[in-house]
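Sequence and predicted structure, then a few things I'm wondering about:
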Amino acid sequence: MTAFDLQEQEQLEELKAFWAKWGSSIIIVVVVGVGTYLGMHGWQYWQKSRASAAADAYSLVETAFKDKDAAKTRAAADAMVAAYAGSALSSRAMLLSAKAAFDAKDLPGAKKALEWVVANAKEEAMADTANLRLAAVLVDMKDLDGALAILKTSKTPAFVPLFADARGDVLAIKGDVAGAKAAYQEALAKLEKDAPVKKLVDIKLSALGA
């Protein structure tokens, strides 16, 4: 029994010595490990929570848009971007707000919403979509030069022929037949063979005598 107690005492002393030497390091490693684990999972939970909340906010915008209530659509979209500006859904919410404003003949409101998308969209294709619609709004506001400035270049290759087509429309309105023809020809050259819009561009080009 005494031998056992002595052996136990020696082990205890060894443990004390080990802990005195390495204890603080072990604590740091454990704390960092636990902190990293909790931080990672906490961040994932927070992201999921934010994504869910953003989706709920977007559904309010959709509902107002489907009800054809431009004021409520704008208010819901503004509230969403204030809280979830970094969400990809925010750009979509502002596109709906712009469409609702356009349908309600509120061109300044549509312009403001589209400009927000252009400045804040996380996806280049979304920014290009907003620019195309913004150019159309500017045409309705009689700002043809502003529309042409927007349509100079697109962010994504897929939108190059669409920008060229829209540019041709604006140039045709301005009376620049040569410029419009060149723009339509560029659009035709870069559109896919089976693109639905290709026949329309061809018709517009033919109407100019090309």
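Cool, the structure landed.

tell me what the helix or strand that contains Ala98 is packed against?
Using DSSP states H and E, Ala98 sits within helix 88-103. Secondary-structure packing of helix 88-103 (3 or more Cβ pairs under 8 Å, 6 or more residues apart in numbering; DSSP states H and E): helix 2-66, helix 70-84, helix 107-120, helix 124-140. Where you see a C-beta, it was placed from the backbone N, CA and C, and this is true even at glycine.

least reliable of the ones you listed going by mean pLDDT?
Mean pLDDT values for the helices and strands packed on helix 88-103 show the minimum at helix 2-66, a mean of 61.

Work out the gap between the helix or strand harbouring Gly179 and the centre of the chain.
Using DSSP H and E, Gly179 falls within helix 177-190. Centroid separation between helix 177-190 and its chain, computed with Cα atoms, centre = their mean, to the nearest Å, is 30 Å.

same check, this time on stretch 83-94
With Cα atoms, centre = their mean, you get 7 Å for stretch 83-94.

do the same with stretch 201-210
Chain-centre distance of stretch 201-210: 35 Å, with Cα atoms, centre = their mean.

Repeat that for stretch 89-101.
Computed by Cα atoms, centre = their mean, the chain-centroid distance of stretch 89-101 equals 11 Å.

Which residues does that stretch contact?
Outside stretch 89-101, the residues that touch it by Cβ atoms under 8 Å, 6 or more residues apart in numbering are 54-55, 57-58, 61-62, 64-65, 68-70, 73-74, 76-78, 80-81, 84, 107, 109-111, 113-114, 116-117, 120-123, 126, 129-130, 133, 137.

tell me which residues in stretch 102-122 are buried?
By 16 or more other Cβ atoms under 10 Å, the buried positions in stretch 102-122 come out as 102, 104, 106, 109-118, 120-121.

now do stretch 122-133
Met126, Ala127, Asp128, Thr129, Ala130, Asn131, Leu132, Arg133.

Kindly indicate which of those residues lies nearest Ala172.
Distances from Ala172 to these, taken as Cβ to Cβ, are shortest for Leu132 (16.3 Å).

Out of the buried residues of stretch 122-133, which is nearest to Ala187?
Taking those together and measuring to Ala187 by Cβ to Cβ, the closest member is Leu132, at 12.6 Å.

This completes my enquiry, with thanks.
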